[in-house]
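**Q** Next comes the sequence, and after it the predicted model I'd like to discuss.
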Amino acid sequence: MDKIHKATHRGYLNLGDKQIPCAVLENGMRIVSQTGLFLSFDRPRKGEKRLEDLPSVVGAKNLLPYVSNELYEKSKPIEYYHTNGKIATGYNAEIVPLICELYISAFEENILKPSQYKLYARSMILIRALAKVGITALIDEATGFQNDRQAQALQELLKSYISEDLLKWQKRFPNKFYKEIFRLYGWKYDENSSKRPGWVGTFTRKYVYDLFPEAVIKEIETINPVVTKNNKSYRKNRHHQFLTTDIGLPQLDHYISKLLGVMALSKNNEDFDKNFNIAFSEEINLKSKEKELYNLQLELYPKKDKI
C-alpha cells in the first residue's frame, strides 16, 4: 500500500472562471481535488461509466485512442491527508493540461460527439490560462507554497556554505596574499607584523568574499557583525570560520589561489583591477545575475525573521 502523504499547503486555484481546490503534499506533489478536477471542466462528478480506471471526464469510449500512457498514470486517484486531518482524494495536477490536450486532439480529428463540444471549448479556455504559467506555479501561488519554497531553497544554499558550528581559527590567507596587496598599492610590507590596515579588509571583501553567493555573504555578515569597542571597530571572528569544510572553504581556497595568480601578473593596483575583471569575468557575470535574483526574491518575499 502506498504511503498516504499529508497536505502541507492548500488553497483555491483561479483557473478560467472557476476556483479549483488544490494542495501541495509533503512529498512535493501538486494536487487538484477530485471535485476540483470535474469543476475545472465544468462537469458533474457523475457521468459515463469509467473505462480503464479513467475519470468519467475522459471515460468515453471514443476518447480512448487519445489517452496517452502519461494520462493513464496521472489518472490514478491519490489519497492524502487534508490539512484538517481527514483523508481526501485528488489527482496529480498535471492531469488537467493532459486532458485539455486530449480534447483538442480529438476535436481536430473530428472524433468528438456534439455532446463533447463543450468539453473541447472548456479545454481551450483552460489551456490558454495554463499557457501563461505552468500548473505547478499556479498551485504554488494559490496555496502559498512558493514562499516556503523560496525560503527552503535559501536555507539549503546557506547550509551548504555556512557551518552550523564556528570552526577553530586556522590560517586561510597565506602571507603572500598580503604581501602582494602591499606591493600592488606601493606600501611597505613588514613580515614580522600581523597587523593589517582596515583597507586590507575592504580589499578582501571586494575581491574574495564578494564572489560568494549574495545570500551567503549577507548571512555571514549578519552572524559575524562589526562591533565597536573603545572607539575601535572589528569583527569577533573571521568570515572563513563560518564556512563549511566541504563546500565553503574549498571555494574560498580556489578563489585565493586564482587571485594570487592574477596578483603576480599585475604591476600595480590599477593593473590588478583590470586583470581581475578579465580573469574572473565568468564569476563576476554569474554573481551579477545571482545578485539580481537575490534582490528580486527579497522584494517579492521579504524576510520577516532572521534565517
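**A** Thanks, I have the structure now.
**Q** element containing residue 11, please.
**A** strand 5-15 (DSSP states H and E).
**Q** same question, residue 79
**A** strand 78-81.
**Q** What average pLDDT does the helix or strand just after that strand get?
**A** The helix or strand immediately downstream of strand 78-81 is strand 87-92, counting by DSSP H and E. Throughout strand 87-92, pLDDT has a mean value of 94.
**Q** Repeat that for stretch 9-28.
**A** 84.
**Q** Low-confidence regions, the stretch 1-150 of the chain specifically.
**A** Residues of the stretch 1-150 of the chain meeting the criterion pLDDT under 70: 1, 16, 45-52, 131-139, 141, 145-150.
**Q** Outline the domain layout of the chain.
**A** Here the domain assignment for the chain is 5-143, 154-300, based on automatic domain parsing.
**Q** Start and end of the first one, how far apart?
**A** Between the opening and closing residues of domain 5-143 there is a gap of 17 Å (Cα to Cα, to the nearest Å).
**Q** for stretch 126-143, same thing?
**A** Stretch 126-143: ends 19 Å apart by Cα to Cα.
**Q** How about stretch 237-255?
**A** 20 Å.
**Q** Next: stretch 230-248.
**A** Stretch 230-248 end-to-end distance (Cα to Cα) = 33 Å.
**Q** ditto for stretch 186-197
**A** 14 Å.
**Q** Equivalent analysis for stretch 105-125, please.
**A** Terminal residues of stretch 105-125 lie 15 Å apart, using Cα to Cα.
**Q** buried ones in that stretch?
**A** For stretch 105-125, the neighbour count (16 or more other Cβ atoms under 10 Å) marks 105-107, 112, 116, 119-120, 122-123, 125 as buried. To be clear about C-beta, it is placed using only N, CA and C from the backbone, and glycine gets the same treatment.
**Q** again with stretch 79-91
**A** 80-82, 88, 90-91.
**Q** Farthest-apart pair in the residues you listed, please.
**A** Across these, the longest distance by Cβ to Cβ is 16.0 Å; it joins 81 and 91.
**Q** The longest helix seen in the chain packs against which elements?
**A** Criterion DSSP state H: the longest helix present in the chain is helix 281-300. Other elements packing on helix 281-300 under the criterion 3 or more Cβ pairs under 8 Å, 6 or more residues apart in numbering; DSSP states H and E are helix 145-161, helix 214-223.
**Q** lowest-confidence stretch among those?
**A** Lowest mean pLDDT within the helices and strands packed on helix 281-300: helix 145-161, at a mean of 64.
**Q** What are the contacting residues of whatever helix or strand comes next after it?
**A** Proceeding N to C from helix 145-161, the next assigned helix or strand is helix 175-185, under DSSP H and E. Applying Cβ atoms under 8 Å, 6 or more residues apart in numbering, the contact partners of helix 175-185 are 188-189, 191, 196, 200, 203, 256, 259-260, 263-264, 266, 268-269, 271-272.
**Q** I'd like the list of those that fall within strands, please.
**A** Among the contacts of helix 175-185, no member falls in strands (DSSP state E).
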